[in-house]
Structure formats: C-alpha cells, structure tokens
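**Student:** have a look at this fold, sequence not included:
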C-alpha cells in the first residue's frame, strides 16, 4: 500500500491548471468561516452588555449588530454557492484529466498487460474509482483549510479569555485524533480490498453477460447465478469489515465529542464559581466548542470520502506506473513508403511470464509481394510470429527488418499504419456498418468506404440490411453472421490499403459457403501485398509462395505445397490428416 503523503505529492500536479479556482475556493471557504466565528463574539457582547450595562444596550445597537451579521450571511451564501458549484467543477475537471491520462496510458500498454489483466478491473479503475476523486479533489483542501482556520482562530480567541481552560479542552483533540488513527488506517485497507472485489465482480458480470448465449445454450443460468452469489457475498464480507472499522472510528469521535462538552461544562463552571471567567465567557466557550466539534464531525465525515479518494488515486497510479514495454526509441524515425520485404534475423521470443522460448533462432527472408503461409500444431508460435511484425510484442533476441530497416528504429505508428490484419476473432465496434469500415481510415469519404466494401464482397449484403451502411451492428456485431462480420473486417483493411497483410486463421470459424466468399475476398486483398497467412484449412494455402511448417523446434519445413508433399514430412502428414 502506497503512503498517503506519497500519493498526495503525486496528485498535487493535477491542481496546477486550476490553481486560480483553488485559491478562490479557499478564499470563499475563509469567508464562510469568518461568518461562523463572528456569531459567538456578537452573542458574548450582547450578553455582557445585558448583565453589566443594560442601559447601554440600545435597540439601535442590537439592530446594527443584526444588520452586520446579515451582511456576513449574504457574503456566506455567495461564497458557499461558488464552493458548491465552481469548486465541484474543479474536482470534475481533475477527474476528467486523470481519466484522459489513464485511457491514453492504457492505449500505450502492450498486449502482455492485457494478457494478464481483467477488463472489468480496468473498467472499475477508469470509472467508479475516479468518481471518488472528484469529491476528494474539491473537499480535501477545502475541509482541511476550514478546520485549520477554525481551530487556529478559536484557540486564539479562547486563549485570550482563559489559557488554562483552553489548554485543557484543546489537549483532548490530539488524543482524539491519535485514537481514531488506527481505525483510519484499517478503513483505507478495507476500502482498497472493496475496490479490488468490485473490479472482480465487474469482470465476472461482464464475462457472464457477453457469454449469455453460451450460458443459455447449456442451460447454465444456475451455475452463473452461483458464481455471482459467491462474488457478491465476498464483496459483502469486505464491506462488513470496512463498516466495522468505520463504526469504531465514528464511535471514538463521538466519545471525545461528549468528553469535550462535559469538560467545558464542569471545568468552566468551576472556573466561573472562582471568578476566573464570566457567564458570557462560558457561553462563548460552549458555542466555540460546538462549532469546533461540528467542524471535526465534518472532517470525520470527510474521512470516509478521503479514504475512498486515496484508494482511487492509489489504484490510478498503479496503472499509470505500469511501464510501457513497447515504445518508440528516442531517435525513431517514420518508416516511410514500404515496398514490403521482411527479414527475420535470428529471432527468438518468449513471454515475460515463461522461461521457455516460443520461437527460437528464426531466420527468414520474405520478398515484397510474396504470400507466406504458416501451418503447424497449436502452440507452435504461428500467431506469435505474426504479432512480432507490428511489434505487439518485442523480440527477445535478434531483429526484424522491413525493407532493411529494423522495426525498433521506426515509430510504432508509422510501422502499424503499413500493416493490415484480418483475424479469426472479429471485433466490430458498437456502431454502424459505415463507421466500422471507416475505422480502417478515419475520415474516409462515403464513396471510398463503399468501394472498399465492394472489393471485400460486402456491398450487396450491406445494401440488403434495414438501413444499408447506416445499419447498427449491435455490440461486437451480434446482429450479423460470421461471414458478414468477416467481410466487413476485410473491407476495413481494403480501405486502409496497407502493403503488408496478416491473415490469422481468417476463415476457420466460417461455414463452407461463407468461407468460399470470404476466401475470394482475401485473395483479392492479398494480391500485390506481402502476406502472412496463418492457415487452419490447408486447401486455402496451396498457392502460397512459400509454406512454413512451425513446430516446437522452430521452422521444421519450408517450401511450396508440391515441394512439401514430396518430402513426406510434417506437412505431408498434416495434409493427409486434413483430407481424411
């Protein structure tokens, strides 16, 4: 768990853009505090005059004091409006800035981060965690400033009346704070556990709802309800722990609350009997103690929000501190126009959480415009090899060159802009058909989108949809068939028009009719481009320029379809198995 002082130090720069609002907010807080501090002094003055010199207490004096206090109240109303409105907006703007930074950082993180992180956890951090930061950013400086001002001014006024009674009362405040501190630390720990658990619950709900069709097809609603019940009850258990500490915290404060009141009443009454203070002084003490305790209660109530805010800030920085494993080199340059020659120079790769290489000592030269097919058993590294080209992962050793340039020496944006990918698991965004195709080249004109769809063999079925290109596809394209989604994804790549193409088992999940249509689109797309095809159905790669057979030993075989069949090796066995 990060230290509170460390988190606050890192959080403070977010106030920089809004310092004028912060200072104005604190000025308004001072104005509202002055109004509260003046009232007991007015009451003491009137009480003293009434007890000692009633003749001098005229109606004009009383009305003047009333008018003065009402003027202060009007100032208080305006200042409080500013604090509630503009002050809260400052917190909301800081939350917005943090969310923008967090989302930008998430975009920069590599595949490996998402391999090990649940989306539900990330969603909790980017939404609900940062909601609490709004209240924290606004109220933390405001409440601390008001409390310090009230305690400081009240101490000065009361010490001037009777230093002994004042020291007795104020000596209870640090004891109260120390007693509550242990509960405070436990609350923070419990709130963080609560945040983690709600993230797990979000991930579980997301998983269940996205897979609702699978759930229903297996009639496993009861299984999902039981999984949710366990997660939900786990969250309740953590909440119980948090509320137990919070109850102890509040009870401690209430105990000292009563202790301070009784100290004023008993000790103040004794001092009054011995003539050390006057009855009006005792009233002032009671009024200021009431005001101080109200302020302390506000701090106490804010403490829960403080801990929630600190938990949100801590979880924010946990993600922000995750290093970006793949980024541009300091002297990286744009890749420029690409011909399409790709060389793997003694490339090896292993995942960060695995000591065993997935790929070892891969040497490969692919000339511009060649179509390379990758086949082999699951886990042999076919997809991994292709993911190294756009630097979704960085090679463990060796290097990959495009047109003779090491891909680590060029900017990531320029590299990936030259590569198009069509994958087995198609992801369509929740929007229209037009928006999903245009994603290949944001800002493309309608005619260009339609032309790309025609090349992908998608135009005809799109025009048959209820709203044509403006048809809403549903979440993850659920309203479309597998073949339709695949052709839209191909149209997206046609629009991008990259010189390098990666086809990752793009037809393996389709029926025969859809596969035939999509395969024709893919052949059109691949024409004239350097293409890597990960093949599931071997008949689709018979005309590849070169076929690489990957096994746990690396590139076991390579050659054309006919050459590999003649070798009677791994490829020949795979092909025979597929044909039968």
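**Tutor:** It's in. This structure is a prediction, so every number in the text was calculated from the model and none was measured.

**Student:** distance of residue 439 relative to residue 493?
**Tutor:** From residue 439 across to residue 493, the span is 10 Å (Cβ to Cβ, to the nearest Å). Just so you know, the C-beta spots here come from the backbone N, C-alpha and C atoms, and that holds for glycine as well.

**Student:** oh, I was asking about residue 25
**Tutor:** Counting by Cβ to Cβ, the separation of residue 25 from residue 493 is 52 Å.

**Student:** which ones are touching residue 109?
**Tutor:** Counting by Cβ atoms under 8 Å, 6 or more residues apart in numbering, residue 109 makes contact with 322, 324-325.

**Student:** and if you look at residue 80?
**Tutor:** Shown in contact with residue 80 (Cβ under 8 Å, 6+ apart): 28, 32.

**Student:** for the longest helix belonging to the chain, packing partners?
**Tutor:** Scanning the chain for the longest helix, with DSSP state H as the assignment, gives helix 221-273. Counting contacts by 3 or more Cβ pairs under 8 Å, 6 or more residues apart in numbering; DSSP states H and E, helix 221-273 packs against helix 163-170, helix 172-210, helix 212-217, helix 279-320.

**Student:** report all helices and strands that the second one contacts.
**Tutor:** Under the contact definition 3+ Cβ pairs under 8 Å, 6+ apart, helix 172-210 sits against helix 119-126, helix 128-161, helix 221-273, helix 279-320.

**Student:** starting at the chain centroid, how far to it?
**Tutor:** Centroid separation for helix 172-210 versus its chain: 18 Å, with Cα atoms, centre = their mean, to the nearest Å.

**Student:** quick one: that helix to helix 119-126, angle?
**Tutor:** Counting by axes from the mean of the first three to the mean of the last three Cα atoms, to 10 degrees, helix 172-210 lies at 140 degrees to helix 119-126.

**Student:** what do you get for the longest one?
**Tutor:** With the same axes, to 10 degrees applied, the angle from helix 279-320 to helix 119-126 works out at 140 degrees.

**Student:** next SSE downstream of helix 279-320?
**Tutor:** strand 342-349 (DSSP states H and E).

**Student:** paired strands for that following strand, with orientation please.
**Tutor:** Next to strand 342-349 in the sheet, as set by DSSP bridges, lie strand 359-366 (antiparallel), strand 397-402 (antiparallel).

**Student:** disregarding flanking residues, what is the spatial nearest neighbour of the residue nearest in space to the middle of the chain?
**Tutor:** Nearest to the geometric centre of the chain sits residue 126, at 2.6 Å (Cα atoms, centre = their mean). Among residues not flanking residue 126 along the chain, residue 102 sits closest, at 5.6 Å (Cβ to Cβ, 6 or more residues apart in numbering).

**Student:** please identify the helix or strand for that neighbour.
**Tutor:** In this structure, residue 102 sits in helix 88-108 according to DSSP H and E.

**Student:** could you do residue 40 as well?
**Tutor:** Assigned by DSSP H and E, residue 40 belongs to helix 19-52.

**Student:** so in this protein, where's the weakest helix or strand by average pLDDT?
**Tutor:** helix 212-217 (a mean of 64; mean pLDDT, DSSP states H and E).

**Student:** about what we covered before: and residue 439 and residue 493? Which one has more around it.
**Tutor:** residue 493 (25 against 17; other Cβ atoms under 10 Å).

**Student:** tell me the contacts of the more buried one?
**Tutor:** Residue 493 neighbours (Cβ under 8 Å, 6+ apart): 420-422, 440, 501, 525.

**Student:** most widely separated two among those residues?
**Tutor:** Greatest spacing in those, by Cβ to Cβ: 440 and 501 (12.5 Å).

**Student:** need the overlap of contacts for those two.
**Tutor:** Jointly contacting residue 440 and residue 501 under the rule Cβ under 8 Å, 6+ apart are 420, 493.

**Student:** isn't the residue nearest to the centre of the chain up against residue 101?
**Tutor:** No - in this structure, residue 126 is not within contact of residue 101 by Cβ atoms under 8 Å, at 10.5 Å.

**Student:** for residue 47, see how far away the residue nearest to the centre of the chain is.
**Tutor:** Noted for residue 126: a distance of 57 Å to residue 47, by Cβ to Cβ.

**Student:** with residue 246 instead?
**Tutor:** The value you get for residue 246 to residue 47, if Cβ to Cβ is used, is 40 Å.

**Student:** which SS state does residue 391 fall under?
**Tutor:** Using DSSP: H, G, I helix; E, B strand; the rest coil, the secondary structure recorded for residue 391 is coil.

**Student:** report how many residues lie close to it.
**Tutor:** 20.

**Student:** pretty sure residue 379 sits in a helix.
**Tutor:** No - assessed with three-state DSSP, residue 379 is coil; it does not lie in a helix.

**Student:** for it, which non-adjacent residue is spatially closest?
**Tutor:** Nearest residue to residue 379, sequence neighbours excluded (Cβ to Cβ, 6+ apart): residue 552, at 7.7 Å.

**Student:** can you pull the phi and psi angles for the one you found?
**Tutor:** Main-chain dihedrals, residue 552, degrees, to the nearest 10: phi -60, psi -10.
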